[in-house]
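> heads up, no residue letters with this:
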């Protein structure tokens, strides 16, 4: 009877040793694969007409230096013309949301009346898909037509993104074009696209290497989580005095 109790106790200890490494694996996997959380309109801070917040960079893709440049540019535009422009970056849209529906909802949240919307512009991007959208008020349309606005979102922004996700360059180019148009200057137009011939290399991209390293770590930890408890339990059985001796 005592031998059976000891064996039951040993199996409980074995499962405890197995459970702890598995918990470590779960935590480690989370570190290597951080979740990309979706952003809804309700998570964007409120802005009212006249508010001096020009960039909302929740996607964290604009450097501080360039954000300061864009802020200064839009601040001067607002003082000189009364036209206000905001740039919004997010990591990921909610399920079923599109860049257009998100930007429209944000526009109406920030500026709920036609009067408040009249001289406003919002340019947004979701950095997971690089989907873009722009929406403008009625007074803005007299200077920046819907055709120009669409070109800003679909050409001026996306050209640097196709050339290595150059977000800073994309927003600097977009802000320069928007400011020129809303200041009454001729539209400089979208950037010229220069086709580059690329020779396929044999080296992996940094992102591919990172994923490979993360996978190797997780597999290694899983193997360790399986082998270490079994080896520990085996050693425990070998070196422990027989539970039934002397009975």
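It's in. Because the structure is a prediction, the values reported are computed rather than measured.
> Going by C-alpha atoms from here, please, whenever you check contacts or count neighbours.
Fine.
> Can you show me the strands along the protein?
Residue ranges of the strands in the chain, as given by DSSP state E, are 55-57, 84-90, 120-126, 131-136.
> would you turn those strands into a markdown table with mean neighbour count, distance to residue 173 and mean pLDDT?
Written out in a markdown table, the entries for the strands of the chain read as follows (neighbours: other Cα atoms under 10 Å; distance: least, Cα to Cα, whole Å; pLDDT from 0 to 100):
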| stretch | mean neighbour count | distance to residue 173 | mean pLDDT |
| --- | --- | --- | --- |
| strand 55-57 | 18 | 15 | 96 |
| strand 84-90 | 23 | 12 | 96 |
| strand 120-126 | 24 | 13 | 97 |
| strand 131-136 | 22 | 15 | 97 |
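> which residues touch stretch 67-75?
Stretch 67-75 is contacted by residues 52-55, 84-85, 172, 175, 179 when judged by Cα atoms under 8 Å, 6 or more residues apart in numbering.
> hmm, I was thinking of stretch 117-135
Contacts of stretch 117-135 with the rest of the structure, by Cα under 8 Å, 6+ apart, involve 59, 82-93, 99-100, 103-104, 107-108, 111, 136-140, 149-150, 153-154, 157-158, 161.
> Pull out the buried residues from the residues you listed.
The neighbour count (16 or more other Cα atoms under 10 Å) marks 59, 83-93, 99-100, 103-104, 107, 111, 136-138, 140, 149-150, 153-154, 157-158, 161 as buried among these.
> Restricted to helices, list these.
When helices are assigned by DSSP state H, the members of those inside them are 99-100, 103-104, 107, 138, 140, 149-150, 158, 161.
> Find the pair from the residues you listed with maximum spatial separation.
When Cα to Cα is used, the two most widely separated members of those are 138 and 161, lying 29.2 Å apart.
> partners of residue 89 in the sheet?
Per DSSP bridges, residues listed as beta-bridge partners of residue 89: residue 57, residue 125.
> Can you name the residues that contact it?
Contact criterion Cα under 8 Å, 6+ apart gives 56-61, 124-127 as the residues in contact with residue 89.
> Output the below-cut-off pLDDT ranges for the protein.
1-36, 193-218, 220-222, 224-226, 228-247 (pLDDT under 70).
> let's see it at 80
Low-confidence regions of the chain, defined by pLDDT under 80, span residues 1-38, 49, 192-247.
> so where do the helices sit in this protein?
Remark: helices of the chain, listed N- to C-terminal, are 2-32, 64-81, 99-110, 114-117, 138-141, 146-151, 158-162, 167-182, 206-239; assignment by DSSP H.
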